[in-house]
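Undergrad: Got a predicted structure here, sequence first:
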Amino acid sequence: AQSVTQPDIHITVSEGASLELRCNYSYGATPYLFWYVQSPGQGLQLLLKYFSGDTLVQGIKGFEAEFKRSQSSFNLRKPSVHWSDAAEYFCAVGASNFGNEKLTFGTGTRLTIIP
Amino acid sequence: DARVTQTPRHKVTEMGQEVTMRCQPILGHNTVFWYRQTMMQGLELLAYFRNRAPLDDSGMPKDRFSAEMPDATLATLKIQPSEPRDSAVYFCASGRQGEFFGPGTRLTVL
C-alpha cells in the first residue's frame, strides 16, 4: 500500500523568499504524484502532477516539483512566494496500476507568509 | 472551464436526520471519488466508482452511509441517520486518479 509523509506541519516564509515543501512517499513501483493547495474554506486545487517522463514538473502559480526516485521524494518549490500563497499544501500519491487509482494524501503543510 | 460541482455547499441538520449530498463530475470523467475532511483525521477516502460501479467503499461506515451513481452525471452520498461525528467537509473528485476536486459540502450535525 502506498503512503505519504509531509514532515513539516507548519512553515513560515517571508514574502519574496524561496520555498520548498517536503514530501516523501512509499510505493513499490513508479508512483503517480500530486501537489494540491487548499485555502481556508475552499476545495483542493491541483497545482501539478507527475506521471512519467521529465522528473521536473511545472505547475500553476509558479510552482514546480522534482521527482527523485532515489530519495522517494517529490518536493514542491517556488522561487519567490507571494502573500496569496498562504494556504495548506497537500502531497498525494497514487498507484500506477489499473484498478487501484485512489490517492493517498499526506497530512498537509500549512504555509504562513510574513511581510 | 470544466469543474466538479457539489450541492449543497453548506448543510446544518439535527442528529438523526437524513442528509444527501450531490456531485456532478466533469463531463467525460468516469471515475468519481468521495472524500471526507476533518481536522482530526485529515482527508479520508470514503468510496470511489468507475463507470458508475463501486470499486472501493471500504472507508465508508456501511451502517449509515451509502453512495451511488444513478447516472454518469450524478453521484450521491447519503447519511441516514446522521450523527454529530459526521460533521466534516465532504469532497467529490473526478478524473482518472480523482485529481479534480469539487468545492465540498460543509456538513454540521447538531
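TA: Good, I have the coordinates.
Undergrad: From what I see, residue A:45 and residue A:37 are in contact.
TA: Yes - counting by Cβ atoms under 8 Å, residue A:45 does reach residue A:37; the two are 5.2 Å apart. All C-beta spots, glycine's among them, are computed from the backbone N, C-alpha and C.
Undergrad: Neighbour count for those two, which is higher?
TA: Between residue A:45 and residue A:37, counted using other Cβ atoms under 10 Å in any protein chain shown, residue A:37 has the larger neighbour count: 21 against 15.
Undergrad: and the more buried one, what does it touch?
TA: A:44, A:45, A:47, A:61, A:85, A:87, A:88, A:89, A:90 (Cβ atoms under 8 Å, 6 or more residues apart in numbering or on different chains).
Undergrad: The nearest residue to the last one once chain neighbours are set aside: which element?
TA: This points to residue A:90. Leaving aside its chain neighbours, residue A:90 sits nearest to residue A:36 (4.5 Å; criterion: Cβ to Cβ, 6 or more residues apart in numbering or on different chains). Per DSSP states H and E, residue A:36 falls inside strand A:32-38.
Undergrad: Torsion angles phi and psi at residue A:62?
TA: phi 80, psi 10 (degrees, to the nearest 10).
Undergrad: I figured it hits residue A:84, correct?
TA: No - taking contacts as Cβ under 8 Å, residue A:62 lies outside contact range of residue A:84: 10.9 Å.
Undergrad: Number of residues surrounding residue B:25?
TA: 27.
Undergrad: Next: the one 4 residues further on.
TA: Neighbour count of residue B:29, defined by other Cβ under 10 Å: 18.
Undergrad: That one and residue A:81: what is the separation?
TA: 32 Å (Cβ to Cβ, to the nearest Å).
Undergrad: same question, residue A:87
TA: 11 Å.
Undergrad: For residue A:2, which non-adjacent residue is spatially closest?
TA: Closest to residue A:2 by Cβ to Cβ, 6+ apart is residue A:27, at 4.2 Å.
Undergrad: Am I right that residue A:70 sits in a helix?
TA: Yes - the assignment for residue A:70 by DSSP: H, G, I helix; E, B strand; the rest coil puts it in a helix.
Undergrad: Nice, that's everything, thank you.
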